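Trainee: below is the structure, and that's it, no one-letter string:
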């Protein structure tokens, strides 16, 4: 069934931009209130009114500029810091006693918003540059800086650099996450294709090799060539058949882009309808009388795993072997058991087959169930046949969405 892709964006950095927008509005209101309640002490209140008006208009007009990293350009950062520095240096002109009483500057803590924009946009180095300019402006404005002035300057400098460093760490973590998602997607896609190849091409090549060897003559040569191609294809499957799927990072927002597959149709599927065609003269199917409903992807994968188990019965137990399929429908899981009356599997044979690149059980059976959050248990006693128990949880939506 066809699948479509959707893009999911995740960004640790984006909440910082939203917080900065709220900070700029809040500190703008705070600066205006400080002036209103202390307007009597200003020798030139018109200077303060003019600057605060410009600051308010600038803050509200440039809110979109601090919405994300792409909008926050270098030109805006320079202009924003210039407004903050101008407000600091204009303070003695509006309030001549500000230097002697160590009062607040005209922009007050609004200035820190300009520094924080540098920190979020460019990291700790940009933050250090902006906070240093603010520190110089504060020292010049005071003339004879007090201990409180130096304390406030140092606090802004350290805090902005710390925030800038945290932003850089967050961006590095997002790049690491993007790479991890890329590797995960590549691994799962490789395993999926390996299962499909095992269920089709490799089975055919193995059959051609056996029949050609049995017939002899020119057919034996064809069988030998088919065997060589089977080995080469198994090597490709085991060593990495697929290039990593595309997982990109939007550097302007620090967003990780992940490709998620979604099934087009989420209607439950009756597992019995998928297993019924597998029954035959030598394969007996026993299922409940009621429909066994599973999500489409889970039903198809479980049916394919049953098919892989039956293929192993035909290959290893012989064409004359008898097999039984038992379907159990429980409230929280579905269990399908495939049992045969063949000679069984010698101890250690599965590990040896995986080491040789023959990953029918590892990929076609266990790999499918693992992707669904289920399990596959194989029990075999030499001379007494083999039993494969497949368990799939009733709700596989969380597992399927992670692929």
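Mentor: Happy to help now that I have it. Since we're looking at a predicted model, the values are computed, not measured.

Trainee: off-centre distance for the helix or strand harbouring residue 192?
Mentor: Per DSSP states H and E, residue 192 falls inside helix 147-197. Taking C-alpha atoms, centre = their mean, to the nearest Å, one finds the center of helix 147-197 at 12 Å from the center of the full chain.

Trainee: helices or strands next to it in the packing?
Mentor: helix 110-122, helix 124-142, helix 218-239, strand 249-250, strand 255-263, helix 368-371 (3 or more C-beta pairs under 8 Å, 6 or more residues apart in numbering; DSSP states H and E). From N, CA and C alone the C-beta is placed, and that goes for glycine too.

Trainee: where exactly do the strands run in the stretch 301-403 of the chain?
Mentor: Using DSSP state E, counting those that start in this stretch, the strands of the stretch 301-403 of the chain run over 323-329, 333-340, 375-380, 386-393.

Trainee: any idea which of those scores lowest on pLDDT?
Mentor: Comparing mean pLDDT across the strands of the stretch 301-403 of the chain, the weakest is strand 375-380, with a mean of 86.

Trainee: okay, now the sheet partners of it, with direction.
Mentor: strand 386-393 (antiparallel) (DSSP bridges).

Trainee: just want the angle from the partner strand to strand 323-329.
Mentor: Calculated by axes from the mean of the first three to the mean of the last three C-alpha atoms, to 10 degrees, strand 386-393 forms an angle of 20 degrees with strand 323-329.

Trainee: how far does strand 386-393 sit from its chain's centre?
Mentor: The answer for strand 386-393 is 30 Å, by C-alpha atoms, centre = their mean.

Trainee: got the contact list for it?
Mentor: The contact list for strand 386-393 (C-beta atoms under 8 Å, 6 or more residues apart in numbering) reads 294, 298, 302, 305-306, 309, 312-313, 316-317, 332-340, 342, 344-345, 365, 369, 372-380, 399.

Trainee: try it again at 6 Å.
Mentor: Identification of contacts with strand 386-393 by C-beta atoms under 6 Å, 6 or more residues apart in numbering yields 298, 302, 305, 309, 333-340, 344-345, 369, 372-380.

Trainee: just stretch 38-49 next, same as before
Mentor: Applying C-beta under 6 Å, 6+ apart, the external contacts of stretch 38-49 come out as 35, 93, 94, 95, 96, 106.

Trainee: between which two of the residues you listed is the distance greatest?
Mentor: Farthest apart among these by C-beta to C-beta are 35 and 96. That separation is 15.4 Å.

Trainee: these two: which has the busier surroundings?
Mentor: Neighbours per residue, other C-beta atoms under 10 Å: of residue 35 and residue 96, the larger number sits with residue 35, 19 against 13.

Trainee: circling back: could you give the angle of the helix or strand immediately after the helix holding residue 192 in the chain to helix 147-197?
Mentor: Going down the chain from helix 147-197, the next helix or strand is helix 203-215, by DSSP H and E. On the basis of the same axes, to 10 degrees, helix 203-215 is oriented at 30 degrees to helix 147-197.

Trainee: can you get me a residue count around residue 280?
Mentor: 10.

Trainee: give me the secondary structure label for it.
Mentor: coil (DSSP: H, G, I helix; E, B strand; the rest coil).
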